[in-house]
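[1] Take a look and give me a structure for this.
(2 chains)
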There are 2 protein chains.
Amino acid sequence: MAEPISFHFDFSSPYSYLASEKVDTIAARHGREVVWRPILLGIVFQHWGTVSLVQQPGQGTYAPHDMARSARFLDVPFRYPSRFPVPTQQAARAFYWLDDHDPAEARQFAHAIFRAYYVDDRDISAPSVVLDAAAALGVDRPALSAALASAELKERLKRENEAAIAAGIFGAPWIVADGEAFWGADRLPQIDRWLETGGF
Amino acid sequence: MAEPISFHFDFSSPYSYLASEKVDTIAARHGREVVWRPILLGIVFQHWGTVSLVQQPGQGTYAPHDMARSARFLDVPFRYPSRFPVPTQQAARAFYWLDDHDPAEARQFAHAIFRAYYVDDRDISAPSVVLDAAAALGVDRPALSAALASAELKERLKRENEAAIAAGIFGAPWIVADGEAFWGADRLPQIDRWLETGGF
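    All right, here's what the predicted structure looks like:
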């Protein structure tokens, strides 16, 4: 099997959520796997000196409208969260802890967190929401709770963020297939064709 | 026939060029016409306090790469211009002068300017290039040259820019179909479906 595709995202990024609902299916169509990598866009924006889309002047009404419309276009359930954006450190750290033991379970957890935020309007910055989502998948809640407080796991997420920035990532979703980087959920059709044709 | 679609663009905007090669075909598929409206993105960005994509930190290498790849994806010939961006007042003013007399000829002129810039790497900020493009379509060159120097035509473009800003336009291409605004060439598939289904 060819090298896996990488998928960098922030749990608080709406277009990352849209991509999260499609990227595995697109990859599987071409016999490819996807490595999921949550990062903190706040840290990324701070590094580059940029701001998120919704904070950019003029975008105030357009961006949320486009997010909801893009979700309908992609047939993905979506509700603009009542708290937006929210810190996603806890969810991202929990993801890496799970991923080290069972990538498939980490993937399920990621879907659960995204849907808790973008479908059920839960506050995914709350440790209890993160722990509940993991526990619902059968994860040892006290063990995860202890891990979330560890310096080791905090350091792990820090390293992932630094690596993402070093790789030139300035936004999310950020998907790399065979060295080719694609930014944004609206590039999914290009990724599909890239995998189909080996580049165009 | 239903109301025409509006298409705001800047001759120096790469994604506007990509949209310009597709928007009429998409509209025609649904029995719709397109009203073309060149604007000056520099004025628009100044109003909103924003900068163009290529000036945003981190975008330096990604944006030109994405433009060329998006062009290949859409099967549109594209070469990143050696001078970029360039002032497009002359081309935009010439467009409106032509459009007042013959919208179809103005459309042909717009295609010629976009292709002069993005295929033949001509400096479309030069009045001679603008006049040559019009003359090649059989336009009265001295009459257009005189018009380009008139206060009236300058005022006309100013009004179009102001109207675009007042309508909330913050970027280009900006396409409105039945009151629904779409920003970016990557929204063309959404526009296609919107026209097909009457909204989704």
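[2] how far away is the nearest residue to residue A:177 once chain neighbours are set aside from residue B:194?
    Counting by C-beta to C-beta, 6 or more residues apart in numbering or on different chains, residue A:5 is the residue found nearest to residue A:177 once chain neighbours are left out, at 4.8 Å. The C-beta positions use only the backbone N, C-alpha and C, and glycine is treated the same way. To residue B:194, residue A:5 is 30 Å away according to C-beta to C-beta, to the nearest Å.
[3] cool, residue A:3 as well?
    37 Å.
[4] If you count surrounding residues, which of the two has more?
    residue B:194 (22 against 12; other C-beta atoms under 10 Å in any protein chain shown).
[5] tell me what the strand or helix carrying the more buried one is packed against?
    Residue B:194 is located in helix B:188-197, with elements delineated by DSSP states H and E. Applying 3 or more C-beta pairs under 8 Å, 6 or more residues apart in numbering or on different chains; DSSP states H and E, one finds that helix B:188-197 contacts helix A:59-73, helix B:23-29, strand B:174-177, strand B:180-183.
[6] Which elements pack onto the helix or strand encompassing residue A:92?
    For residue A:92, the host element (DSSP H and E) is helix A:89-101. Packing partners of helix A:89-101 (3+ C-beta pairs under 8 Å, 6+ apart): strand A:34-38, helix A:103-118, helix A:127-135, helix A:141-148, helix A:151-166.
[7] I'd like the ones you listed as JSON lines, with mean neighbour count and distance to residue B:17 appended.
    Converted to JSON lines, the helices and strands packed on helix A:89-101 look like this (neighbours: other C-beta atoms under 10 Å in any protein chain shown; distance: least, C-beta to C-beta, whole Å):
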{"stretch": "strand A:34-38", "mean neighbour count": "21", "distance to residue B:17": "33"}
{"stretch": "helix A:103-118", "mean neighbour count": "20", "distance to residue B:17": "34"}
{"stretch": "helix A:127-135", "mean neighbour count": "19", "distance to residue B:17": "45"}
{"stretch": "helix A:141-148", "mean neighbour count": "15", "distance to residue B:17": "49"}
{"stretch": "helix A:151-166", "mean neighbour count": "15", "distance to residue B:17": "31"}
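[8] Chain B is nearest to which of those?
    helix A:151-166 (9.0 Å; C-beta to the nearest C-beta).
[9] which bits of chain A sit near chain B?
    Residues of chain A lying near chain B by C-beta under 8 Å from any C-beta of the partner chain: A:48-50, A:56-59, A:61-62, A:66, A:69-70, A:72-73, A:168, A:170-171, A:181, A:183-184, A:186-187, A:189-190, A:193, A:200.
[10] How many residues are close by residue A:57?
    12.
[11] How about residue A:29?
    Neighbours of residue A:29 under the rule other C-beta under 10 Å: 11.
[12] quick one: contacts for it?
    If you count contacts by C-beta atoms under 8 Å, 6 or more residues apart in numbering or on different chains, residue A:29 has them with A:192, A:195.
[13] Could you do residue A:73 as well?
    Residue A:73 is in contact with B:189, B:190, B:193, B:200, counting by C-beta under 8 Å, 6+ apart.
[14] Could you do residue A:7 as well?
    Contacts of residue A:7 (C-beta under 8 Å, 6+ apart): A:19, A:20, A:23, A:34, A:35, A:36, A:37, A:173, A:174, A:175.
[15] With residue A:161 instead?
    Counted by C-beta under 8 Å, 6+ apart, residue A:161 has contacts A:39, A:40, A:43, A:44.
[16] between these, which has the most around it?
    Most neighbours among the contacts of residue A:161, by other C-beta under 10 Å: residue A:39, with 25 neighbours.
[17] Leaving out sequence neighbours, find the closest residue to it.
    Distances taken as C-beta to C-beta, 6+ apart place residue A:164 nearest to residue A:39, at 4.8 Å, with adjacent residues excluded.
[18] go on, residue A:171?
    Nearest to residue A:171 is residue A:183, by C-beta to C-beta, 6+ apart, at 5.3 Å.
[19] Number of residues surrounding the one you found?
    For residue A:183, using other C-beta under 10 Å, the count is 20.
[20] Residue A:88 now?
    26.
[21] Please report how far it lies from chain B.
    Distance of residue A:88 to chain B, given as C-beta to the nearest C-beta, to the nearest Å: 20 Å.
[22] Is that residue in contact with residue A:17, as I believe?
    No. Here residue A:88 lies out of contact with residue A:17, judged by C-beta atoms under 8 Å, at a distance of 11.5 Å.
[23] Now residue A:53. Nearest residue, chain neighbours left out?
    Excluding the flanking residues, the one nearest residue A:53 by C-beta to C-beta, 6+ apart is residue A:63, at 5.1 Å.
[24] from memory the one you found sits against residue A:55, does it?
    No. Using C-beta under 8 Å as the test, residue A:63 is too far from residue A:55 to be in contact (9.3 Å).
[25] neighbour count winner among the two?
    residue A:63 (19 against 12).
[26] quick one, what contacts that one?
    Contacts of residue A:63 (C-beta under 8 Å, 6+ apart): A:53, A:54, A:56.
[27] ok, the second one - how many residues close by?
    The number of residues packed around residue A:54, counting by other C-beta under 10 Å, is 16.
[28] so it, which of the three states?
    Of the three states, residue A:54 takes helix according to DSSP: H, G, I helix; E, B strand; the rest coil.
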